[in-house]
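Participant: following is a predicted model, sequence given first.
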Amino acid sequence: MNTAGTIYFYACALFALAGALGVVASKNPIRGAMGLLLLILSVAGLFLALHAQFLAAIQLIVYAGAIIILFLFVIMLLGPSASTPSDRRGIAARVFGGGLFGIAGLAALWAVVSAAMASHRAMPMPAPDDSFGGIDAFGSVLFADALVPFELSSGLLMVAVLGAMAVARGRQGQKSMSKNEQEVADSAFPVEKARELPGQTTGVFSHEIPAETPKESAS
Amino acid sequence: MIPAEHYVILSALLFVVGGVGFLVRRNVLITLMSIEVMLNASNLALVAFNRSRLAHVATSSYVVQSHTGQVFAFFIIAAEAAEVAVGLAIVLAFYRLRRTVRSDEADLLKN
């Protein structure tokens, strides 16, 4: 049992780290979403090992069932432009900032771990009740002690849904951008503008491309 | 029994990976996913600390073991669902404006 639990923990930890690295390193956002899914499933497994059965179920339902699907919807809505081409502008500043954060985080972790090893005081792991982490005990705490935050979180979700609809819908019945914004967008993506010029084609639509006449080869 | 420290160390590693991704990547979708990674790491730490501190507390109905960390993780999950909904809506609006999802193209307020 003990070795099985150890193997379970390390397998879940390995998958979680692999998923997180997959999110961070992926060129394609779809692969990133799959890495996030792997991370979420592993964290749900670790929740089970920590006697948090209800949270593991919530993790699966909310993350894997809703958030990942939402990400996939948006990625597929954006199509090929969801994955940005690699661009090395400003990479030095980004790598410096990210490296500084990573080194600082790992150094803080190392300091804490070495101090904990030196003090020889392990975190206690008392045996939980049978009901610990189940929906009965969790609900009795949630609806007694945390009732006001629970109601506030429902308000937060309501406002978030309304805000998401308002932001994603844009302005209906009029041009979705002001003139200034339209110019900026056109300069960033000039294909739409170029289509308006007569006699020029962009090669976007097949009927605009003049049929190529095969060249006469001097035989 | 795996000691709780291992869960906390794993959580710190996941947090660092997510933070580096948030700082280094410029695809807005990947940035949002990195935030998800960081929040998952914090959830894991909260649940591990809760597992390590199991004092009995009396709620208004009956006496149960303390679930404070798990309740925190629950609310973080709720807040994160809201964050993703609004964040992805902003990504769509940004894409409609600039036809890209690179975060450094969001410079309309520059200069």
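Facilitator: Happy to help now that I have it.

Participant: what's the single longest helix in chain A?
Facilitator: Ranked by residue count and defined by DSSP state H, the top helix of chain A is helix A:91-119.

Participant: whoops, I mixed them up, chain B
Facilitator: Longest among the helix segments of chain B by residue count, using DSSP H, is helix B:68-98.

Participant: could you check that one and say which residues are buried?
Facilitator: Buried residues in helix B:68-98, counted by 16 or more other CB atoms under 10 Å in any protein chain shown: B:68-78, B:80-95, B:97-98. C-betas here are computed from N, CA, C, even on glycine.

Participant: show me where pLDDT drops low in chain B?
Facilitator: For chain B, residues meeting the criterion pLDDT under 70 lie at B:58-62.

Participant: ok, now with 90
Facilitator: Along chain B, the model assigns pLDDT under 90 to residues B:1-5, B:25-26, B:51-68, B:93-111.

Participant: strands along that one, start to end?
Facilitator: Assigned by DSSP state E, chain B shows strands spanning B:56-58, B:63-65.

Participant: how about the residue nearest to the spatial centre of chain B, nearest residue that isn't a chain neighbour?
Facilitator: Compute the mean C-alpha point of chain B, and by CA atoms, centre = their mean the closest residue is B:Leu39, 1.5 Å away. The shortest distance from B:Leu39 to any non-neighbouring residue, by CB to CB, 6 or more residues apart in numbering or on different chains, is to B:Glu80 (5.2 Å).

Participant: does A:Pro85 sit in a helix, a strand or a coil?
Facilitator: Following DSSP: H, G, I helix; E, B strand; the rest coil, we place A:Pro85 in the coil state.

Participant: per-residue confidence at it?
Facilitator: Looking at A:Pro85, its pLDDT is 76.

Participant: measure it to A:Leu142 for me?
Facilitator: Separation of A:Pro85 from A:Leu142 (CB to CB, to the nearest Å) stands at 46 Å.

Participant: the more surrounded of the two?
Facilitator: Each of A:Pro85 and A:Leu142 has its neighbours counted (other CB atoms under 10 Å in any protein chain shown); A:Leu142 has more, 20 against 8.

Participant: next, the contact list for the more buried one, please.
Facilitator: Taking CB atoms under 8 Å, 6 or more residues apart in numbering or on different chains as the contact definition, A:Leu142 lies against A:Phe150, B:His67, B:Val71, B:Phe74.

Participant: report the two of these separated the most.
Facilitator: Distance extremes for those: the farthest pair is A:Phe150 and B:His67 at 13.0 Å, using CB to CB.

Participant: neighbour-wise, which of these two wins?
Facilitator: With neighbours defined as other CB under 10 Å, A:Phe150 and B:His67 compare such that B:His67 has more, 28 against 15.

Participant: now the more buried one: closest residue in space, sequence neighbours ignored.
Facilitator: A:Val141 (4.3 Å).

Participant: let me see the mean pLDDT of whichever strand or helix holds the one you found.
Facilitator: For A:Val141, the element it lies in under DSSP states H and E is helix A:135-142. Helix A:135-142 shows a mean pLDDT of 87.

Participant: for it, buried residues please.
Facilitator: Neighbour counts using 16+ other CB under 10 Å place A:Ala137, A:Phe138, A:Ser140, A:Val141, A:Leu142 of helix A:135-142 among the buried residues.

Participant: with just CA atoms, put it into PDB.
Facilitator: Provided in PDB are the C-alpha atoms of helix A:135-142 (Å, rounded to 0.1, in the frame of the first residue of the first chain):
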ATOM      1  CA  ILE A 135     -19.500  16.200   0.100                       C
ATOM      2  CA  ASP A 136     -21.300  16.000   3.500                       C
ATOM      3  CA  ALA A 137     -18.500  17.500   5.600                       C
ATOM      4  CA  PHE A 138     -17.400  19.900   2.900                       C
ATOM      5  CA  GLY A 139     -21.000  21.100   2.400                       C
ATOM      6  CA  SER A 140     -21.600  21.500   6.100                       C
ATOM      7  CA  VAL A 141     -18.600  23.800   6.300                       C
ATOM      8  CA  LEU A 142     -19.400  25.600   3.000                       C
END
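
Participant: okay, domains of chain A per the record?
Facilitator: Listed by automatic domain parsing, the domain ranges of chain A are A:1-79, A:134-171.

Participant: what's the pLDDT at A:Ile69?
Facilitator: pLDDT recorded at A:Ile69 is 94.

Participant: and it, what element?
Facilitator: Here A:Ile69 is assigned to helix A:68-78, by DSSP H and E.

Participant: great, nothing more from me.
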